[in-house]
Structure formats: C-alpha cells, structure tokens
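Visitor: coordinates only, no sequence provided:
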C-alpha cells in the first residue's frame with residue numbers, strides 16, 4: 001500500500017507539472033519556480049542575488065478544484081496571481097499574469113484600484129481589448145517570444161511609453177494645480193506576460209535601470225522582494241549585460 005501511495009503521488013506530481021507547462025505558462029518562468037523549489041540553496045549569480053523562490057501569490061490548479069469543471073469555474077471568477085505594485089518616487093508599475101476574457105473584469109477592478117492608465121501585453125492575446133478601452137485603459141501590444149530577450153523595437157516602445165507617462169508628465173505639470181499633480185503622480189503602467197514572472201518583470205527591471213539608475217542586482221532584488229519567483233537566472237544574466245539606452249534618463253528623473 002505504501003508503494004502504491006508513493007506512486008500515486010509521483011504520478012500526481014508529474015501531471016501537475018505537465019499541466020503547468022502545457023497551460024500557456026512561460027517556460028522560463030515555470031523553470032524558475034520548479035528549479036529553485038528543488039534546490040533552495042542555489043544562488044543565481046556570484047553577484048549575490050538571492051535565489052528565486054516560488055511566489056506565495058501564485059495559485060496552481062489544485063487550489064481551485066480537483067475537477068476540471070470546478071477548476072474552470074473557480075479560476076474564471078478569480079485572479080490566480082495577485083498583481084504586484086512596483087513603485088519608486090518617479091515610476092509606478094503593476095506586474096500581473098495574463099487575464100482571460102472570463103476574469104478580465106477582475107483585473108480591470110485591480111487596475112482601477114492602482115490607477116492604471118496603460119496595460120502592456122508582452123505575450124500572446126488571451127482576451128479582447130474592447131473592455132479595457134471602455135474602462136479608459138489603453139492596451140499596448142509588445143509581445144516577444146518566451147525564452148528570448150526583448151528585441152530593440154520592443155525596448156524602444158517600452159522606454160518611450162515609460163518616459164511619456166512619467167518623465168514628460170513630471171516636466172509638464174509645473175503649472176497644473178495640486179489636484180492634477182496628485183492624479184498624475186498616481187498614474188500606473190500595468191505589464192503582464194503569461195505568469196507574470198519572466199518577460200513582464202524583465203521590462204520593469206529595465207525601466208528601473210534606465211530611469212532610476214539602478215544596476216541589475218538592485219532592480220531584480222526590488223522586484224523579487226515584492227514578487228517572489230520573478231526573473232530566472234538566464235534573464236538575470238541578460239540584465240547584468242544590459243546597456244542603458246537613455247543617457248540622460250537619470251537627470252530626467254531627478255527633476
């Protein structure tokens with residue numbers, strides 16, 4: 001009986017991993033969770049960045065229901081991974097996993113709570129944008145393949161958006177009244193990939209490096225402190241080799 005029970009657990013474990021990787025989860029993001037969960041003592045790099053640990057916010061399918069019907073119903077009415085605010089004195093981001101059409105209204109509620117004006121979709125579409133438009137939120141398509149670094153055109157779009165929403169706004173609000181300034185200060189850009197652990201946090205880290213003049217380790221640690229499991233070793237190596245493109249970004253933020 002004990003061997004049968006053990007085999008049952010093994011088979012269940014394999015099924016769980018298979019479902020996680022087959023359910024449109026980012027390969028690199030899923031690998032970051034499972035690899036570090038199996039080896040908690042692994043250190044990502046010699047730079048001293050702590051290892052990736054599974055996010056306490058992430059709910060696997062087993063948390064919803066053991067039956068396919070129950071799982072679909074419950075997951076459709078919930079947010080599987082709690083959106084994570086990343087804020088500095090100049091920048092405000094909300095890292096999310098990918099909404100589905102069935103639960104998009106819940107993400108819109110979270111976005112309104114966090115004063116989101118823009119959503120950046122870094123993965124394949126899983127919902128239509130019409131509901132966002134009706135809610136006054138602008139959708140930006142910046143998808144690039146999982147397992148790759150963001151291409152130049154995506155980086156250019158991303159940095160332009162961040163600069164337009166935060167830095168240009170700061171420079172152009174000196175004559176506005178205090179109410180408008182307060183509203184502008186709360187503007188937030190939400191960004192999501194599939195699981196909210198790979199491509200989306202990478203873009204946020206790049207923004208921190210560009211506009212807050214953080215190095216890669218500082219940016220990654222800030223994100224991981226708020227969203228455990230974010231940014232795997234391969235992505236960290238990319239960030240460590242990233243060259244800033246906005247030479248005057250630091251002085252722009254300091255204004």
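Guide: Nice, I can see it. Just so we're clear, the structure is a prediction, and the values are computed from it rather than from any experiment. Residues are numbered from 1 along each chain as shown.
Visitor: how about the strands in the stretch 151-255 of the chain?
Guide: 188-192 (DSSP state E, counting those that start in this stretch).
Visitor: which residues of the stretch 51-200 of the chain fall in helices?
Guide: 68-76, 104-113, 130-134, 152-162, 168-171, 178-185, 199-211 (DSSP state H, counting those that start in this stretch).
Visitor: and the longest one, what does it pack against?
Guide: So the one you mean is helix 199-211. Under the contact definition 3 or more C-beta pairs under 8 Å, 6 or more residues apart in numbering; DSSP states H and E, helix 199-211 sits against strand 92-96, helix 152-162, strand 188-192, helix 216-226, helix 233-240, helix 249-254. Heads up, the C-betas are built off the backbone N, CA and C, glycines and all.
Visitor: same check, this time on the second one
Guide: Helix 104-113 makes packing contacts with strand 92-96, helix 130-134 when contacts are defined by 3+ C-beta pairs under 8 Å, 6+ apart.
Visitor: contacts for the last one next, please.
Guide: If I follow you right, that is helix 130-134. Residues from elsewhere that reach helix 130-134 (C-beta atoms under 8 Å, 6 or more residues apart in numbering): 104, 105, 108, 119, 138, 139.
Visitor: only the buried subset of the residues you listed, as a ChimeraX command please.
Guide: This is how ChimeraX selects the buried members of the contacts of helix 130-134, with burial counted by 16 or more other C-beta atoms under 10 Å:
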select :104,108,119,139
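Visitor: which residues touch residue 140?
Guide: So residue 140 contacts 118, 119, 120, 121, 157, 161 (C-beta under 8 Å, 6+ apart).
Visitor: which one of those has the most neighbours?
Guide: residue 120 (26 neighbours; other C-beta atoms under 10 Å).
Visitor: wait, it touches residue 189, no?
Guide: Yes - contact criterion C-beta atoms under 8 Å: residue 120 and residue 189 qualify, at 6.4 Å.
Visitor: shared neighbours of the two, which are they?
Guide: Common neighbours of residue 120 and residue 189 (C-beta under 8 Å, 6+ apart) are residue 161.
Visitor: if I pick residue 162, what's in contact with it?
Guide: 91, 189, 207, 210, 211.
Visitor: what is the nearest of the residues you listed to residue 196?
Guide: The closest of the contacts of residue 162 to residue 196 turns out to be residue 189 (C-beta to C-beta; 13.9 Å).
Visitor: what about the closest one, how many residues close to it?
Guide: 24.
Visitor: quick one: least confident helix or strand in this protein?
Guide: Comparing helices and strands within the chain by mean pLDDT, DSSP states H and E singles out helix 2-22 as the least confident, with a mean of 42.
Visitor: picking that back up, want to throw the helices and strands packed on helix 104-113 into JSON lines with mean neighbour count, mean pLDDT and distance to residue 146?
Guide: Below are these laid out as JSON lines (neighbours: other C-beta atoms under 10 Å; pLDDT from 0 to 100; distance: least, C-beta to C-beta, whole Å):
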{"stretch": "strand 92-96", "mean neighbour count": "25", "mean pLDDT": "98", "distance to residue 146": "16"}
{"stretch": "helix 130-134", "mean neighbour count": "14", "mean pLDDT": "95", "distance to residue 146": "23"}
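Visitor: sorry, back to before: to residue 81, which of the helices and strands packed on helix 199-211 lies closest?
Guide: strand 92-96 (7.3 Å).
Visitor: picking up where we left off before, show me which pair in the contacts of helix 130-134 is furthest apart.
Guide: 105 and 138 (17.5 Å).
Visitor: before we move on, back to that, of the contacts of residue 140, which pair is most distant in space?
Guide: The widest separation within these (C-beta to C-beta) is 13.5 Å, between 119 and 157.
Visitor: any chance of the helices and strands packed on helix 104-113 in JSON lines, plus distance to residue 193?
Guide: What follows is those, written out as JSON lines (distance: least, C-beta to C-beta, whole Å):
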{"stretch": "strand 92-96", "distance to residue 193": "9"}
{"stretch": "helix 130-134", "distance to residue 193": "17"}
